[in-house]
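> My questions are about this predicted structure, shown below with the sequence.
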Amino acid sequence: MDNTLGTLKQCKHLAISSNCIEKITGLKGLDNLEVLSLGRNQIKKLEGLDDVANTLRELWISYNLLDKLNGLEKLTNLVVVYMSNNLIAKWPEFDRFKDLAKLEELLFVGNPLWETHTKTEDFRLHVAGRIPWLKKLDGVPVDDEEKEKGKALVG
């Protein structure tokens, strides 16, 4: 990624997947960016998104190397997050989604946390208890029963 991306002032959807990108940079000036597709890269940190935090509604960042979600809380207008097949392994990292009050859809399949809790069949309940406003998880609608059970499970 380089600073010439910032010249794309009217760009609403930027797709730069499968480019071996290691670091998110050069987004300053993308004043209308709503969808950022960064799947299948080598990204380890959610940095460099501050300049698009106010406009970004969808973040597609599956198949990267994310093990922490620092910075996610700044992206308060996110409605959709696709982040399957990363390295998120602990609930404290997942809990950063609590700051995203507009989040409606999350794809999280293939992360170590998902793998662990899918075996015990309680992943969806944990998520529903932590993000009760979520409408769709891993492509399947979240129903009221899951939200109630999740609330009881998570507390």
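Sure, I can see it.
> For the rest of this, base every contact and every neighbour count on C-alpha atoms.
Fine.
> my guess is Gly110 contacts Ser84, does it?
Yes. Counting by Cα atoms under 8 Å, Gly110 touches Ser84, with 5.5 Å between them.
> the more surrounded of these two?
Neighbours around Gly110 and Ser84, counted as other Cα atoms under 10 Å, are more numerous at Ser84. The numbers are 21 against 18.
> Report the contact partners of that one.
Going by Cα atoms under 8 Å, 6 or more residues apart in numbering, Ser84 touches 61-63, 107-111.
> Tell me which of those residues fall in strands.
Of the contacts of Ser84, the ones assigned to strands by DSSP state E are Leu107.
> could I get the contacts of Ser84 as TSV with pLDDT?
Listed next are the contacts of Ser84 as TSV, based on pLDDT from 0 to 100:
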residue	pLDDT
Ile61	98
Ser62	98
Tyr63	98
Leu107	98
Phe108	98
Val109	97
Gly110	97
Asn111	98
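> I'd like the contacts of Ser84 written out as CSV, with distance to Cys20 added.
Shown next, in CSV, are the contacts of Ser84 (distance: Cα to Cα, whole Å):
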residue, distance to Cys20
Ile61, 13
Ser62, 13
Tyr63, 11
Leu107, 22
Phe108, 21
Val109, 22
Gly110, 20
Asn111, 20
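> now the helices for this protein?
Per DSSP state H, the chain carries helices over the ranges 91-94, 112-119, 123-130, 144-154.
> who touches stretch 7-18?
By Cα under 8 Å, 6+ apart, stretch 7-18 touches 29-41.
> and the residues you listed as a markdown table, adding distance to Glu148 and pLDDT?
As requested, the contacts of stretch 7-18 are exported to a markdown table (distance: Cα to Cα, whole Å; pLDDT from 0 to 100):
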| residue | distance to Glu148 | pLDDT |
| --- | --- | --- |
| Gly29 | 43 | 95 |
| Leu30 | 40 | 96 |
| Asp31 | 39 | 95 |
| Asn32 | 38 | 97 |
| Leu33 | 36 | 98 |
| Glu34 | 32 | 98 |
| Val35 | 32 | 98 |
| Leu36 | 33 | 98 |
| Ser37 | 33 | 98 |
| Leu38 | 34 | 98 |
| Gly39 | 33 | 98 |
| Arg40 | 35 | 98 |
| Asn41 | 37 | 98 |
